[in-house]
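K.L.:
Model the structure of this input:
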Amino acid sequence: MAYEFDVEVDPDEPFTDNLGTEIVEFALGYDTDADLVVVMSVMLVPVDDPKAHDLRFGIREKSATQDWKVSAPDYTKEGVDKYVPREWRTFVLMRIRSAIQALVTKVKPDSITMETYYAGLEQKALKKYDLVCAAVYGCGYDLGDQFRDPESQKNYWLFTKQV
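P.N.:
Next up, the predicted model:
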């Protein structure tokens, strides 16, 4: 049996990994022949400032039989194309938004940063970040800064807790 898309609609509560990263994961699908679960990991990763966290979301492959065996997050378009059918992408984005709200509500960092994986994204490709930003705003944060770095051409956001 090959990979089968079967998105989880009721993910577990946020958890903290051994590096202090706060995570919400939900299954995207399974490959029973490979004993593989494919998950979307939505993460708040602590950065240099002890009360700042970087917001990230990417696809991971996890062993269905060995809890410790998990891939690094895949942030690529190719990963999305491989594991999320086009007609389900808006639904998955809504699940990401819910996961962001759960994480931010739990952690309440002073500031949140975010950056694009790809450089030079067109406006159409940046649309999903409007929903991501709305999730952060809904948790009591303001947009402190947003820009495209002239050298790297990556987009960056800084959110600060409302006072």
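K.L.:
So which residue is dead centre in this structure?
P.N.:
When CA atoms, centre = their mean is applied to the chain, the residue found nearest the centroid is residue 57 (1.7 Å).
K.L.:
Please name the bridge partners of residue 25.
P.N.:
Beta-bridge partners for residue 25, by DSSP bridges, are residue 41.
K.L.:
What pLDDT is listed against residue 67?
P.N.:
Residue 67 carries a pLDDT value of 82.
K.L.:
Would you agree it falls within a helix?
P.N.:
No. Counting by DSSP: H, G, I helix; E, B strand; the rest coil, residue 67 falls outside a helix, being coil.
K.L.:
Residue 58 contacts residue 41, doesn't it?
P.N.:
Yes. Shown here, residue 58 and residue 41 form a contact pair, counting by CB atoms under 8 Å, at 5.9 Å. (C-beta placed from N, C-alpha, C; glycine too.)
K.L.:
Spit out the contact partners of the residue nearest to the centre of the chain.
P.N.:
40, 41, 42, 43, 73, 75, 96, 99, 100 (CB atoms under 8 Å, 6 or more residues apart in numbering).
K.L.:
so which of those would you say is closest to residue 149?
P.N.:
Closest approach between these and residue 149, by CB to CB: residue 75, at 17.0 Å.
K.L.:
Check whether that closest one really touches residue 117, as I assumed.
P.N.:
Yes. If you go by CB under 8 Å, residue 75 and residue 117 touch, sitting 3.9 Å apart.
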